[in-house]
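S.K.: Prediction below, plus the sequence it came from.
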Amino acid sequence: MSRSIAVLCSLLVLWGQPRSSTTRTYTFDANGGRQLSSESSTGNGATANSVRNLNGGLSPVESVEERVVRQDGASRVIERIIRPFDATGQPGPPQRIQIAERTHPDGSKSVETEVYTGNISGGFSLVEKTTAVTRTAGSVETVETQVTRPTLNGSLELLERRQARAEGGGPRRQEVLTVERRDANGNFLPAVREVKQTQEQNGRTTENTTQYLAGASGQLEWNSQTVAETRKQSDGSERKQITLFGRSAPGRPASSEPQLREQQILEKRSANGQTIETLSIRRPALDNPANLGPEQKISEKVCTGACK
C-alpha cells in the first residue's frame, strides 16, 4: 500500500507492541541560538504534547489517549480521546474519535471514522463521519472516501467525495487524488487534484507532486508543485531535498508562471539511541529569484526511544 493511500485510510500503527518515545523540537534564531520549542511524549497508548510558553517553560497543549475497544479476525474498533488545553493550561472540551476498520469477504477494506466534540451537557456530539473503502486489483489500488456532516435536523449530509488511485510497483509509481465538494446548488464539483509520481533509482527516490485547485471559473488550475529527492548516505543517514514552486513567492507579485518559493533540506540520522532530524531552508534572493541563498537551519527534532 502506498504511503498517501495509507494516510487517506487513517490506519493506525499496530497495537500489541510496547512503544514509548520522547521527541523534543528545538528552533534556531538568526544568530544560530538553539532553544527548546516543544515536546511530545508517547507511551502506553497515550501522547502528551507541550509547547514553549512566554516564561521559557513548557505548557501542555494537548493529550491523546488511544485504546482498542473491540478486535476480532476481520475487524477492529479504536477509540481516541483528544484533550486540548488553553494558554493558561486549563483543559478545554475533549474530542472523541472512533475508528472502525473492517476486512470484507471480497478482499476490500473499509475504515469508518466518527468525530465527536464535547458539548455543554457533558456528552459528545457527532460533527463528522468519514467512510473510506480500499480496493486492490493487480497493481492498482483505489480508495473512495465520503465525508458527511450532520444537518440542523440531525441527518447526515454528504459534503465531500475523494478518490485516490495508486498504480504501479517497483521503481515507478503514480498516485492521483481527486476531491469533489458540494456547492450551494447541491452539485459535486472538482475542488482539488493532486498527481504524485515516484521513481527510485540507484539509491535515490524522486517524488514529483503537482496540485491543481478550482479557480474562479470553476475549472481546475495549476496551483503548486513540489519536487522531493531522497538519498541514503553511506553512514546510514538520510537527506531529503524538497523544492517548492507556487503561483507566488514571498516578496514577489502573483504570476501565472511557476515561481520558486523555497527549498527545504531534511537530514535524518540515528546515533547513541537517538534519532535526530534537522530542517534547513534556502530561499531565493529578491533581486535574483532564480538563485537560492545559503542554507539556514530552522529546527531540530531529537527523538529518544521507539521513534517512528
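M.R.: Done, it's in.
S.K.: Distance across stretch 50-64, terminal residue to terminal residue?
M.R.: Stretch 50-64 has an end-to-end distance of 12 Å (C-alpha to C-alpha, to the nearest Å).
S.K.: And the contacts of it?
M.R.: Stretch 50-64 is contacted from outside by 35-40, 46-49, 80-85, 87, 89, using C-beta atoms under 8 Å, 6 or more residues apart in numbering. For the C-beta atoms, the positions are set from N, CA and C on the backbone; glycine is no exception.
S.K.: try 7 Å this time
M.R.: Residues outside stretch 50-64 that contact it (C-beta atoms under 7 Å, 6 or more residues apart in numbering): 36-39, 46-49, 80, 82-85, 89.
S.K.: Mind listing what's buried along it?
M.R.: Across stretch 50-64, burial judged by 16 or more other C-beta atoms under 10 Å covers S50, V51, R52, L58, P60, V61, E62, S63, V64.
S.K.: Same question for stretch 30-43.
M.R.: Along stretch 30-43, these residues count as buried under the neighbour rule (16+ other C-beta under 10 Å): L36, S37, S38, E39, S40, S41, T42.
S.K.: What of stretch 109-127?
M.R.: K109, S110, V111, E112, T113, E114, V115, Y116, G118, F124, L126.
S.K.: Out of those, which comes closest to R96?
M.R.: Nearest to R96, judged by C-beta to C-beta, of these is Y116 at 4.4 Å.
S.K.: Wait, the closest one touches G123, no?
M.R.: No - counting by C-beta atoms under 7 Å, G123 is not a contact partner of Y116; they are 8.7 Å apart.
S.K.: What segments of the stretch 51-200 of the chain are strands?
M.R.: Taking DSSP state E, counting those that start in this stretch as the test, the strands found in the stretch 51-200 of the chain are 58-71, 75-84, 95-103, 109-118, 124-137, 140-150, 156-167, 172-182, 188-201.
S.K.: and the third one, what other elements does it pack with?
M.R.: What it means is strand 95-103. Counting contacts by 3 or more C-beta pairs under 7 Å, 6 or more residues apart in numbering; DSSP states H and E, strand 95-103 is packed against strand 75-84, strand 109-118.
S.K.: Tell me the pLDDT of Q17.
M.R.: pLDDT recorded at Q17 is 45.
S.K.: End to end on stretch 114-130, go ahead and measure it.
M.R.: End-to-end distance for stretch 114-130: 6 Å, by C-alpha to C-alpha.
S.K.: what does stretch 34-54 give?
M.R.: 16 Å.
S.K.: Surely E229 is within a strand?
M.R.: Yes - under DSSP: H, G, I helix; E, B strand; the rest coil, E229 sits within a strand.
S.K.: Could you report the neighbour count for it?
M.R.: Neighbour count for E229, taken as other C-beta atoms under 10 Å: 14.
S.K.: which residues touch it?
M.R.: Each residue near E229 by C-beta under 7 Å, 6+ apart is listed here: R204, T206, Q241.
S.K.: does the last one sit in a helix, a strand or a coil?
M.R.: Per three-state DSSP, the local secondary structure of Q241 is strand.
S.K.: I'd like the distance between it and R204.
M.R.: Look at Q241 and R204: by C-beta to C-beta, to the nearest Å, they are 10 Å apart.
S.K.: The two: which is more packed in?
M.R.: Q241 (16 against 11).
S.K.: residue contacts, that one?
M.R.: Here Q241 is in contact with E229, Q263, I265 (criterion: C-beta under 7 Å, 6+ apart).
S.K.: and if we set it to 8 Å?
M.R.: Contact analysis of Q241 by C-beta under 8 Å, 6+ apart lists A228, E229, T230, Q263, Q264, I265, L266.
S.K.: so which one among the buried residues of stretch 109-127 has the lowest pLDDT?
M.R.: Lowest pLDDT within the buried residues of stretch 109-127 is found at G118 (91).
S.K.: And it, how close does it get to V68?
M.R.: Taking C-beta to C-beta, one finds G118 at 22 Å from V68.
S.K.: again with E160
M.R.: For E160, the distance to V68 equals 28 Å [C-beta to C-beta].
S.K.: same question, S40
M.R.: For S40 relative to V68 (C-beta to C-beta), the value is 22 Å.
S.K.: cool, and S248?
M.R.: If you measure S248 against V68 using C-beta to C-beta, the figure is 46 Å.
S.K.: Same question for T226.
M.R.: Going from T226 to V68 by C-beta to C-beta gives 36 Å.
S.K.: again with A137
M.R.: Distance from A137 to V68, by C-beta to C-beta: 30 Å.
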